[in-house]
Every structure is written in C-alpha cells, then in structure tokens.
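>>> What follows is a predicted protein model with its sequence.
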Amino acid sequence: GENVEQHPSTLSVQEGDSAVIKCTYSDSASNYFPWYKQELGKGPQLIIDIRSNVGEKKDQRIAVTLNKTAKHFSLHITETQPEDSAVYFCAVHPGADGLTFGKGTHLIIQP
Amino acid sequence: KAGVTQTPRYLIKTRGQQVTLSCSPISGHRSVSWYQQTPGQGLQFLFEYFSETQRNKGNFPGRFSGRQFSNSRSEMNVSTLELGDSALYLCASSFREPGAAFAYEQYFGPGTRLTVT
C-alpha cells in the first residue's frame, strides 16, 4: 500500500518567517495531495490541495508544490502568524482506498 | 452550510463492550469515510460508504463495522472493545463518488473521543 513520510515532526519558526513542511510518497498512481491543519480538540481542516496534473498552487500565504517524478510535495507558509500554530498533516489519495496520512508536523510560531 | 457533525463527542466504555458512533455529513455530500487517530499510529483509514454501500475498507479487524442510511448519515460500530481501541474517531464527507476519474476533497468533523478502560 501507499506509504507517506512527513518531515520535520516539529518545526519552530519566528513570527513573520516562512515555514516549509515536506512529504514523500511511494505509489506513483496517487493523484491527489491535500494538506490538513488540526488544532487542539478539533478535527483536521482542509487548507489546500493539489492534483497530479498541477505543479504548484497558491492561496494567499499558503502554497503547495508537487514533484511527481521525485514523488514529493511540500507545504509553504509565508509571513507566519500565531494562529498558524497547529499540527499539519499531508495526505495522499492512491486512487482506491481512503486517504493515507503522514505522521504530522507540529508547527510552533514563536512571538 | 453546516459542517460534518459527530455524536457523541466523548465516550467512556469498558473492555468487552460495544459502541456505536454517529456521523451526519455536509448537506448534499453522499460519501462518508471513517478514520481512527491515535498518537502512535496517526490517522488511519477505516472504511468509506457511498449510496449505502461500503466502497473501500482499510486494514482493521472485523470488530469494526459501519453502515450508511438513505439520508447519507453514517454509523460505525466497534464490538468487543479492547484497550487499544481508545482513539479519536473521525468522520469525513465528500460530494464525489469513490473511484471517480478525479480526486475529491474530504471535510472532517470534530471527532468522537473514545476511551476504553
């Protein structure tokens, strides 16, 4: 089955700086790559996604890049703010089963 | 539009008991998926329902089962509870049919926190 690796597990950045989280996957048939943000006591919230026919997608301060050849994709958050502090999960849809998730990145925004 | 709702939000059960969790998808969404979230294993796919039929199933024992009703609401059941079943159970809904030519967004509810003692 699909295997997703996510790095780093914890990321601490100064407020206003950028944060980058990276994921790699194993199944070349995977065609959908969403990112979720999970705050304490809440369910995962879809923040951005990208499909296999697109290399980059941006939504205000958030962007995702996809390299299908290398089988990796990344989340970029610019001008980080305190409310960006949360756990971020990458996920992959291999086309048949449900989403396969990475282990998560705890993003800490230092004031 | 209201989001995905799950009831109850918290449950405490004893080993050997069974439990039923409920999920109401976003209005108009016909696909419901269930996931288990634990600190050790992370988020793991349980099963997916569409039009009252189970379309996909993850690698969980038969003690975990589910169903979907004609109004798209879904329930999942865990029988003969074990300590290791303690987890956050998440439901996600989507408006696309599983296996569609293009991938689909899934929106999660707040989850049901199950504690087995």
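In hand now; what should we look at?
>>> only C-alpha atoms for contact and neighbour calcs from this point on.
Noted.
>>> nearest residue to the residue of chain A found nearest chain B other than its sequence neighbours?
Taking C-alpha to the nearest C-alpha, chain B has its nearest neighbour within chain A at A:Gly43, 4.2 Å off. Closest residue to A:Gly43 apart from its sequence neighbours, by C-alpha to C-alpha, 6 or more residues apart in numbering or on different chains: B:Pro110 at 4.2 Å.
>>> which residues touch the one you found?
A:41-44, B:4-6, B:9, B:90 (C-alpha atoms under 8 Å, 6 or more residues apart in numbering or on different chains).
>>> If we only consider the residues you listed, which is nearest to A:Gly104?
If you rank those by distance to A:Gly104 using C-alpha to C-alpha, A:Pro44 comes first, at 11.0 Å.
>>> State the pLDDT value of the closest one.
With respect to pLDDT, A:Pro44 scores 98.
>>> again, but for the one 3 residues further on
pLDDT, A:Ile47: 97.
>>> host element of it?
strand A:45-51 (DSSP states H and E).
>>> ok, residues contacting that strand?
So strand A:45-51 is contacted by A:31-38, A:56-57, A:59, A:62-66, B:103, B:106-108 (C-alpha under 8 Å, 6+ apart).
>>> Buried only: go through those for me.
Taking 16 or more other C-alpha atoms under 10 Å in any protein chain shown as the criterion, what is buried in those is A:31-38, A:56, A:62-66, B:103, B:106-108.
>>> So for the strand holding A:Ile47, what gets flagged as buried?
Using 16+ other C-alpha under 10 Å as the test for burial, strand A:45-51 gives A:45-46, A:48-51.
>>> partner strands of that strand, parallel or antiparallel?
According to DSSP bridges, strand A:45-51 forms sheet pairs with strand A:32-38 (antiparallel).
>>> Can I get the strand it pairs with in CSV, CA atoms only?
Presented in CSV, the C-alpha positions along strand A:32-38 are these (Å, rounded to 0.1, in the frame of the first residue of the first chain):
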residue,chain,number,x,y,z
TYR,A,32,-4.5,13.9,-5.1
PHE,A,33,-2.5,15.6,-2.4
PRO,A,34,-4.3,17.5,0.3
TRP,A,35,-2.9,19.3,3.4
TYR,A,36,-4.8,19.5,6.7
LYS,A,37,-4.4,21.7,9.7
GLN,A,38,-5.5,20.3,13.1
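>>> Out of the contacts of B:Pro110, give me the one that has the most neighbours.
Within the contacts of B:Pro110, most neighbours by other C-alpha atoms under 10 Å in any protein chain shown means B:Leu90, with 28 neighbours.
>>> How many residues are close by residue 61?
Just so you know, I chose chain A. As a burial measure, A:Arg61 scores 11 neighbours (other C-alpha under 10 Å).
>>> Wait, chain B was what I had in mind.
For B:Pro61, the neighbour count with other C-alpha under 10 Å is 9.
>>> ok but it is inside a strand, no?
No - looking at B:Pro61 with DSSP: H, G, I helix; E, B strand; the rest coil, it is coil, so not inside a strand.
>>> Great, nothing more from me.
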